[in-house]
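*Asks:* sequence-free structure coming up:
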Ligand code: HEM
């Protein structure tokens, strides 16, 4: 009786249930169209929150900005689950990862470790962001390549160049200089990234089309996954071994309780090499693989879309250049300049509004399909009204932990590109995001540009004014207090360190 009453109570606390068929529930309602369209259709009838059932499993669908904000920001852990299917379980060794694991203590400790790395590094470098230090070092390479293309009036794909640099920047942050300077390892990291991208694209197709069993019968998806897992194991083992050797060399024996951090992998290793390890080796491998993927592609695609919009709207490009010239004296734009660059920030925001990057968590669509950054400008200042709030990075407990890293890097890329070069589109392109392709995220079709260099000839020497990657200092910290601080996190603590 108690169980029945509890069940009755739980049922009455749920939003209205969409009537479905016995055993199948609403499976066929969802299969009529891609899942986001089916849910939109149900939402027109059932309102801002409703419950669906698929094979006996109840799911709550939130269908308005207000209900999403309320639920994801106020209630957190209960709503921080993820959809799953066979391919995900195989790819993540039964959810031993960060992106698809259940929101439990292990998951929280992983996220805490991630935030801790960035906040401690920032403290160590006197609030200077680690992403800026690494970006500035790489900018010389980007600049020289773009300058050469511009001087020779060459036609080229900007995306390839940004991808090349971003994979290097992320590898320095995740694995350290030694790995990022090794061409063979870099080649394998990029290979793993593109393989993961293919697997994730297959996964999204399966999830979006409500075909959870599809990958069981799709041998090409399974063989792609097996190849990716094989490379992941071999590559990450190699990187971990290299980092372990490096860590041993950098710890003086008299201070064996000290751990030295230069990159995220050092932190992961220190949590692995405990008497009672906090994570398993498989977990660390999976998380690092996810961070390679998450840390490269979202940023590259946003920068690539941004430059496309600048080419389609040459007037906006000219206005952003005018703002950058007025507010930043030197050729190199830094994070400290960000707060003065209102139109640049508005334009990044507008790009994220248009290009719904990652269909994970909150499905989004836009009905206003042209790039007009002024919608986020109020009295000449960048500002986002409550009703204009975006969910490009999700919201609540499960929101993207890399948001600050991503926003900083996107800003550094786009502001420095526009400040130093003028871009012109060579191919015919449509700015409507409906013409974009859904791979592992939404991205424009390939396009080529031509550019003119605007920077003063001494740009490369100006780059030297900012700290260099070689200046990244090692953070030496006491192992027990460090581990304690990660263990102390509770499931209900706020997740707002970024
Ligand atoms: C423009 C760039 C990026 C976009 C648009 C983006 C967007 C997202 C979104 C929408 C989610 C799911 C949130 C939810 O379910 O509510 C997510 C999760 C995640 N992102 Fe990002 N992201 C970006 C860059 C990054 C970067 C640079 C990193 C790491 C360095 C990162 C790491 C992650 C991780 C680890 C998760 C899973 C979090 C969890 O499940 O606990 N992302 N991201």
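*Replies:* Everything's here; your move. No experiment lies behind these values; they were computed from the predicted model shown.
*Asks:* ok, which stretches of the stretch 51-200 of the chain are helices?
*Replies:* Ranges of helices within the stretch 51-200 of the chain are 65-69, 86-91, 105-124, 130-151, 158-175, 177-180, 183-208, based on DSSP state H, counting those that start in this stretch.
*Asks:* what's the closest of these to the ligand?
*Replies:* Nearest to the ligand among those is helix 105-124; the distance by C-beta to the nearest ligand atom comes to 5.6 Å. In short, each C-beta sits where N, CA and C put it, glycine included.
*Asks:* Can you mark which positions in the closest one are buried?
*Replies:* Taking 16 or more other C-beta atoms under 10 Å as the neighbour-count basis, helix 105-124 is seen to contain the buried residues 106-118, 120-121, 124.
*Asks:* what does stretch 187-202 give?
*Replies:* Buried residues in stretch 187-202, counted by 16+ other C-beta under 10 Å: 188-190, 192-193, 195-202.
*Asks:* ok, now stretch 395-403?
*Replies:* For stretch 395-403, the neighbour count (16+ other C-beta under 10 Å) marks 395-402 as buried.
*Asks:* Filter those down to the ones in strands?
*Replies:* With strands defined by DSSP state E, no entry of these lies inside them.
*Asks:* Could you point out which of these is nearest to residue 479?
*Replies:* For those, the minimum distance to residue 479 (C-beta to C-beta) is 23.1 Å, reached by residue 401.
*Asks:* quick revisit: okay, the buried residues of stretch 187-202 in JSON lines with pLDDT and distance to residue 302 next?
*Replies:* Converted to JSON lines, the buried residues of stretch 187-202 look like this (pLDDT from 0 to 100; distance: C-beta to C-beta, whole Å):
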{"residue": "188", "pLDDT": "97", "distance to residue 302": "25"}
{"residue": "189", "pLDDT": "98", "distance to residue 302": "20"}
{"residue": "190", "pLDDT": "97", "distance to residue 302": "19"}
{"residue": "192", "pLDDT": "96", "distance to residue 302": "21"}
{"residue": "193", "pLDDT": "95", "distance to residue 302": "16"}
{"residue": "195", "pLDDT": "94", "distance to residue 302": "22"}
{"residue": "196", "pLDDT": "91", "distance to residue 302": "18"}
{"residue": "197", "pLDDT": "89", "distance to residue 302": "15"}
{"residue": "198", "pLDDT": "88", "distance to residue 302": "20"}
{"residue": "199", "pLDDT": "87", "distance to residue 302": "22"}
{"residue": "200", "pLDDT": "85", "distance to residue 302": "17"}
{"residue": "201", "pLDDT": "85", "distance to residue 302": "18"}
{"residue": "202", "pLDDT": "83", "distance to residue 302": "23"}
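*Asks:* In what element of secondary structure is the residue nearest the centre of the chain found?
*Replies:* Using C-alpha atoms, centre = their mean, the residue of the chain that lies closest to the mean C-alpha position is residue 294, 4.1 Å off. Secondary structure here is read from DSSP states H and E; on that basis residue 294 sits in helix 281-312.
*Asks:* what is the mean pLDDT for stretch 388-395?
*Replies:* Averaging the model's pLDDT scores along stretch 388-395 yields 84.
*Asks:* Which positions in the stretch 101-250 of the chain make contact with the ligand?
*Replies:* Proximity of the stretch 101-250 of the chain to the ligand is confined to residue 111 under the rule C-beta under 6 Å from any ligand atom.
*Asks:* Flag the shaky bits of the stretch 101-250 of the chain, pLDDT-wise.
*Replies:* 212-216, 247-250 (pLDDT under 70).
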